[in-house]
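Asks: return a 3D structure for these sequence lines:
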Amino acid sequence: MNKILFVLFFFLLLFSCKKEDPKIEPTAENYLSIRVNPSFGNQPFYLDSVYTTQEGYKVKFTDLKFYKSIIRNGSDTFTKAALFDFSSTGNLLTRVKGDYLKFGSLQGNIGVVQSLNHLDPSAFPNDSPLNISNAGTMHWGWNTGYIFISIEGKTDTIPDATLNLNHSFSFHVGTDAFIDSFEFSNINWQTLTPTEKVFHLNLDMLSFLQNPNQPINLKNEFLSHSGSGQEALALKVVQNFKQALSAQ
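Replies: Just a heads-up that it's a prediction; the model follows:
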């Protein structure tokens, strides 16, 4: 009798050892992206296309880049830094792993905060937008750190039938004095794919130039590198840029 019980126990033990563990399905990672859609008034925006300002000037933009930093919702960090480069990455500002329910609002900085602005750009991780290999010309290479906003182009300030884009403009705004903040509340996260939500921003470059409170006249306001004597125009660039950026 004991022998029979032993054999039964042995087979039960053998069967249990061969039983496979239940399969655990991997959990899909959720992503959040922020995209910026430039326009020129009610027209789609393209680099190297020619637009007409309210003064009748013809204008062509050749570069549009900017940094945002310490994007968050309260104590929940979205990302430390994001670089928008319309020529290289289209309308994508940043894409991260995250839960959209934590980011019903977003706050942050237009530009690179002081705590990051003066660090060694080669010491950031290779995938950081602040790494010198990714920043490229958006880092001045001297002690003021990063360029926060870069807008370049050419214009024809003589409103006639002849197109002659012989007048260049360049707005490079940086240094700690010209960082500004932003905040967007009640964000409408839209479904891009089953695992990705997207938040769209609009950037109206006509509004940037023709801000009703402080328009930029490209005929005589065409250069700022945030240096001495250029503070007033640098501040105007930052303020107009901020007001031209809105939630979609």
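Asks: would you work out how far apart the start and end of stretch 106-119 are?
Replies: 25 Å (C-alpha to C-alpha, to the nearest Å).
Asks: show me what counts as buried in that stretch.
Replies: Leu106, Gly108, Asn109, Ile110, Gly111, Val112, Leu116, Asn117 (16 or more other C-beta atoms under 10 Å). From N, CA and C alone the C-beta is placed, and that goes for glycine too.
Asks: just the closest of those residues to Pro125, please.
Replies: Nearest to Pro125 out of these is Leu116 (C-beta to C-beta; 12.6 Å).
Asks: need the next SSE after whichever strand in the chain runs longest, C-terminal direction.
Replies: The residue-count maximum for a strand in the chain (DSSP state E) belongs to strand 58-73. Per DSSP states H and E, the first helix or strand lying C-terminal to strand 58-73 is strand 76-85.
Asks: need the contact list for the nearest residue to Ser33 once chain neighbours are set aside.
Replies: For Ser33, ignoring the flanking residues on the chain, the nearest one in space by C-beta to C-beta, 6 or more residues apart in numbering is Arg95 at 4.1 Å. Neighbouring residues of Arg95 by C-beta atoms under 8 Å, 6 or more residues apart in numbering: Tyr31, Leu32, Ser33, Ile34.
Asks: among those, which are in helices?
Replies: In helices, judged by DSSP state H, none of the contacts of Arg95 are found.
Asks: returning to what we had before: the residue nearest to Ser33 falls within a strand, correct?
Replies: Yes - under DSSP: H, G, I helix; E, B strand; the rest coil, Arg95 sits within a strand.
Asks: from the centroid of this protein, which residue is nearest?
Replies: Residue closest to the average C-alpha location in the chain (C-alpha atoms, centre = their mean): Leu93, at 3.1 Å.
Asks: low pLDDT regions in this protein?
Replies: For the chain, the stretches flagged by pLDDT under 70 are 1-28.
Asks: would you map the strands across it?
Replies: With DSSP E, the ranges of strands along the chain come out as 31-40, 43-44, 50-52, 58-73, 76-85, 92-97, 106-110, 147-156, 167-174, 180-184, 190-193, 196-204, 223-224, 245-247.
Asks: need these in a markdown table (columns: distance to Met138).
Replies: Output for the strands of the chain, formatted as a markdown table (distance: least, C-beta to C-beta, whole Å):
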| stretch | distance to Met138 |
| --- | --- |
| strand 31-40 | 16 |
| strand 43-44 | 25 |
| strand 50-52 | 24 |
| strand 58-73 | 6 |
| strand 76-85 | 7 |
| strand 92-97 | 14 |
| strand 106-110 | 13 |
| strand 147-156 | 5 |
| strand 167-174 | 9 |
| strand 180-184 | 17 |
| strand 190-193 | 27 |
| strand 196-204 | 17 |
| strand 223-224 | 16 |
| strand 245-247 | 18 |
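Asks: Leu130: which of the ones you listed is closest?
Replies: Nearest to Leu130, of all those, is strand 76-85, at 5.1 Å by C-beta to C-beta.
Asks: and the closest one, what does it pack against?
Replies: strand 31-40, strand 58-73, strand 92-97 (3 or more C-beta pairs under 8 Å, 6 or more residues apart in numbering; DSSP states H and E).
Asks: among these, which is nearest Asn240?
Replies: Among these, the nearest to Asn240 by C-beta to C-beta is strand 58-73 (12.6 Å).
Asks: chain center to that closest one, what's the gap?
Replies: Centroid separation for strand 58-73 versus its chain: 7 Å, with C-alpha atoms, centre = their mean, to the nearest Å.
Asks: quick revisit: ok, the longest strand of the chain: who's next to it in the sheet?
Replies: Strand 58-73 has its sheet partners listed here by DSSP bridges as strand 50-52 (antiparallel), strand 76-85 (antiparallel), strand 106-110 (antiparallel), strand 147-156 (antiparallel).
Asks: give me the angle between it and strand 92-97.
Replies: 20 degrees (axes from the mean of the first three to the mean of the last three C-alpha atoms, to 10 degrees).
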